[in-house]
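> the following comprises the amino acid sequence and a computationally predicted model.
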Amino acid sequence: MTYEELLTQTALADEQIIVMTAENRALVRNLPGILGKRFIDTGITEQTMIGAAAGLALRNRIPVVHALAAFLTMRAFEFVRTDVGIADLPVKLSGFIPGFLSDANGPTHQAIEDISIMRGIPNMTVFAPADEDDLIKMLPEIWESEDPAYTRINTRQTGYVHAPYEFGKAEIVAEGADVTILTYGLLFEQALIAVEMLRNEGLSVGLINMRSLKPVDEEAILNTAANSKLLVTLEDHFQTGGLYTIVAEVLLKYATTARVLPIALNEKWFKPALLPAVLQHEGFTGKQIAEKILGYKTRYQQPAVLTPQFSE
Amino acid sequence: MQRNNYNDQELEAIALKVREHIVRMSTGGGCFTGASLSAVDLIVYLYGRFLNITQANLYDPERDYLFLSKGHDVPALYGTLAELGLIHKERLQNHLSIDDYIYWHPNTRVPGVEFHSGSLGHLPSVAVGVAMDIKISGGENKVVCILGDGELNEGTCWEALLVANAYHLDNLIFVVDRNHFQANVRTEDLIPLEPLADKFEAFGASVKRINGHDFTALHDAFTHYSFKEGKVSVIIADTIRGKGLPSIQERADRWFCNFSGEEVAHLLMELHGHDTTSLTSETLIVR
């Protein structure tokens, strides 16, 4: 099932759902004809779309709103914080091409501080599925919740079959005594590759797909800190305010500690190019991740990274 | 659906009471006195005759909606809600108290306040969303959104107008409290707005410009010039900052006031037409 099929099915079954976009129809091309008046395109107006979504939610609608993640979270930030956040309305934000998925669009389109700023809004929940299978498993819970929500939309096909989703819980893919990689979103694909390489080097390696950044699965983080010698936080986000920060907050909250290696964008935007080249250039391929953890080069080959079918 | 139907004389009497409330709120921390006095007649008219908002139907899904995007008008709103029985008058004495929610900007913990505001240029889009849903749902509710003229500096007001026009929101009226002042200076000296009606018309709106202190003109505009089929309406209500108090009227430095008890007593007399010496207070604060 695709994102659009799930949204169509949900909206047809639930009159409360209103699908909105700020003239970014990549994910919802078929919906105008199917939903009629319950499809609203406000034009290139992220701020007005969010304000209008708040107005619709005041009338007991559940607006699922679409825009590029960078503009949805930043251009419209004060509208999200003030109209949706203060009023605590169930507006569901679908941010398209977040993180490295904006590949060659350039820094204007890079949503790599989105998790940091969205999780700073009281009541806002924040989600980052690993791929389309994960997205489809997560969204029903997200849309059914009464909370405002921001989802980093990721429609990549990876072939990986995820476990069922439980709201706010991480997916524990594997446990490992030596190293555990905690990650979310697009980089889950590369983490799988890294895990295999690390295991070939004889390490006991764990992998956790975080899925939900807020609420965060504290138990998963604490268990990993207790049972794994090294935690690696892997994310296509600024190092400040993302998973690395969240892990640090959780450890401090429970007066515990761990060795943590952050792999993130540290005080920089990434070099724009097509996705495979971006991952290679910025050091986020599975092989590069494994080598950062090992501290030495390996003979393994990095599998090809699929280029997204469209970027906007 | 129930609505109030006060005549012009009765509305005048209510407006005077509301102005008294504003003066009383202009001490002990103060309020946006000059800014809110311009909107008194407008808000009193809307609740006193036009909108179907009363104590009985505050939460009825078929009620009309008033959105106060110009948050500084809120003392006029609170005074009106109190005079028309939507909130207890005693609550106004809790102005700025930690024990209540009557503060410098609108808050929904006060019955009759549909949405919080304070950050400018937000409620035009919220009002658009509500008006859109009324259209989708086939409702008859009217949506009124009061804007400040200074607020029109915010691009999102114009963005929302574009969207309102695109969606033919003829159940929506934007009302501009046109007192010709920004916070600190005259609008035309900073970011000129004129010809304002032309600008709104160019955005596809049905526009009427009136004296915002004249109840007959207000009633005529709201009943005859708004709700043109397929068009969003804009009523430009020309108003006077500080209206009712000659000693602060039309003064840029009387946007926000924090008077002494003695000054409040003088101003209450001034409201009732008694001559008072003009205020020389040094305690006035311009925020």
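Nice, I can see it. Nothing here was measured: the structure is a model prediction, and the numbers come from that model.
> which ones are touching the closest residue to chain B within the stretch 151-300 of chain A?
Closest residue of the stretch 151-300 of chain A to chain B, Cβ to the nearest Cβ: residue A:151 (20.5 Å). Bear in mind the C-beta positions are built from the backbone N, C-alpha and C, glycine included. By Cβ atoms under 8 Å, 6 or more residues apart in numbering or on different chains, residue A:151 lies in contact with A:92, A:93, A:94, A:95, A:127, A:128, A:129, A:135, A:138, A:139, A:142.
> A strand includes the second one, no?
So that's residue A:93. Yes: membership of residue A:93 in a strand is supported by DSSP: H, G, I helix; E, B strand; the rest coil.
> just the element for the nearest residue to it once chain neighbours are set aside, please.
In space, and not counting its chain neighbours, residue A:93 is closest to residue A:150: 4.4 Å by Cβ to Cβ, 6 or more residues apart in numbering or on different chains. If you go by DSSP states H and E, residue A:150 is part of strand A:149-152.
> tell me which other helices or strands whichever helix or strand comes after that strand touches.
Sequence-wise, the next helix or strand downstream of strand A:149-152 (DSSP H and E) is strand A:171-174. The criterion is 3 or more Cβ pairs under 8 Å, 6 or more residues apart in numbering or on different chains; DSSP states H and E, and the helices and strands that strand A:171-174 contacts are strand A:205-209.
> got the phi/psi numbers for residue B:177?
When quoted as degrees, to the nearest 10, the phi and psi of residue B:177 stand at phi -80, psi 90.
> thought it was touching residue B:146?
Yes: between residue B:177 and residue B:146 there is a contact at 6.0 Å, judged by Cβ atoms under 8 Å.
> what is in contact with those two at once?
B:39, B:42, B:70, B:73.
> wait, what's in contact with the third one?
In other words, residue B:70. By Cβ under 8 Å, 6+ apart, the neighbours of residue B:70 are B:35, B:39, B:117, B:120, B:146, B:147, B:148, B:151, B:177.
> change it to 7 Å
Contacts for residue B:70 (Cβ atoms under 7 Å, 6 or more residues apart in numbering or on different chains) come out as B:146, B:147, B:148, B:151, B:177.
> tell me the pLDDT at residue A:307?
As predicted, residue A:307 sits at a pLDDT of 76.
> swap in residue B:287?
Reading off the model, residue B:287 has pLDDT 46.
> follow-up on the earlier one: Throw the contacts of residue B:70 into JSON lines and include neighbour count, thanks.
What follows is those, written out as JSON lines (neighbours: other Cβ atoms under 10 Å in any protein chain shown):
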{"residue": "B:146", "neighbour count": "28"}
{"residue": "B:147", "neighbour count": "27"}
{"residue": "B:148", "neighbour count": "28"}
{"residue": "B:151", "neighbour count": "23"}
{"residue": "B:177", "neighbour count": "28"}
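> what's across from the residue of the stretch 151-300 of chain A closest to chain B in the sheet?
residue A:94, residue A:127 (DSSP bridges).
> now it: how far from residue A:23?
19 Å (Cβ to Cβ, to the nearest Å).
> go ahead and confirm the residue nearest to residue A:93 touches residue A:94.
No: with contact defined as Cβ atoms under 7 Å, residue A:150 does not reach residue A:94; the gap is 8.5 Å.
> so for the two, which sits in the more crowded spot?
Legend: neighbour count by other Cβ atoms under 10 Å in any protein chain shown for residue A:150 and residue A:94, higher for residue A:150 (30 against 26).
> what number of residues lie near residue B:30?
20.
> output the set of residues of the stretch 101-250 of chain B in proximity to chain A.
The stretch 101-250 of chain B comes close to chain A at residues B:115-116, B:119, B:122, B:125-130, B:132-133, B:136, B:156, B:159-160, B:162-163, B:166, as judged by Cβ under 7 Å from any Cβ of the partner chain.
> rewinding a little: and the contacts of residue A:151, which are buried?
A:92, A:93, A:94, A:95, A:127, A:128, A:129, A:135, A:138, A:139, A:142 (16 or more other Cβ atoms under 10 Å in any protein chain shown).
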